[in-house]
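S.K.: task: produce atomic coordinates for the following.
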Amino acid sequence: MNVLRRKRLARISDQLEILKAELEDLLQDEEEARDNIPEGLQESPIYEKADKACDNLQDAIDSLEEALSSIEEARD
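M.R.: Predicted coordinates:
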């Protein structure tokens with residue numbers, strides 16, 4: 001891979017890192033909100049929806065980490 005394409009991949013990696021950090025912040029906020037749901041509502045659809053959102057956000061973060069790893073391998 002030539003230098004120009006490596007630089008483009010580096011720029012994409014930087015953007016993905018920023019997006020990953022934003023998703024991690026959102027996940028932290030959503031986990032905090034879920035964890036603060038009163039005990040009596042922890043079997044409710046509200047809790048289940050928040051829990052599913054946390055799972056989906058974690059999946060998105062994992063996918064970005066995988067993409068970043070693949071990009072790094074392509075740059076080597």
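
S.K.: taking the centroid of the protein, which residue is nearest it?
M.R.: Averaging the C-alpha coordinates of the chain gives a centre point, and the residue nearest to it by C-alpha atoms, centre = their mean is residue 61 (2.3 Å).

S.K.: once you drop chain neighbours, what's closest to that one?
M.R.: residue 23 (5.1 Å; C-beta to C-beta, 6 or more residues apart in numbering). C-beta coordinates here come from the backbone N, C-alpha and C atoms, glycine included.

S.K.: ok, residue 17 next?
M.R.: Nearest to residue 17 is residue 68, by C-beta to C-beta, 6+ apart, at 7.0 Å.

S.K.: contacts for stretch 64-72, please.
M.R.: With C-beta atoms under 8 Å, 6 or more residues apart in numbering as the contact definition, stretch 64-72 has outside contacts at 9, 12, 13, 16, 17, 19, 20, 23.

S.K.: which ones are touching the last one?
M.R.: Going back to what we said before, that points to residue 23. 57, 60, 61, 64.

S.K.: swap in 6 Å and give it another go.
M.R.: Contacts here follow C-beta atoms under 6 Å, 6 or more residues apart in numbering; on that basis residue 23 touches 57, 60, 61.

S.K.: not counting residues beside it along the chain, what's closest to the first one?
M.R.: Spelled out, that is residue 57. Nearest residue to residue 57 in three dimensions, chain neighbours excluded: residue 27, at 4.2 Å (C-beta to C-beta, 6+ apart).

S.K.: understood, closing this out.
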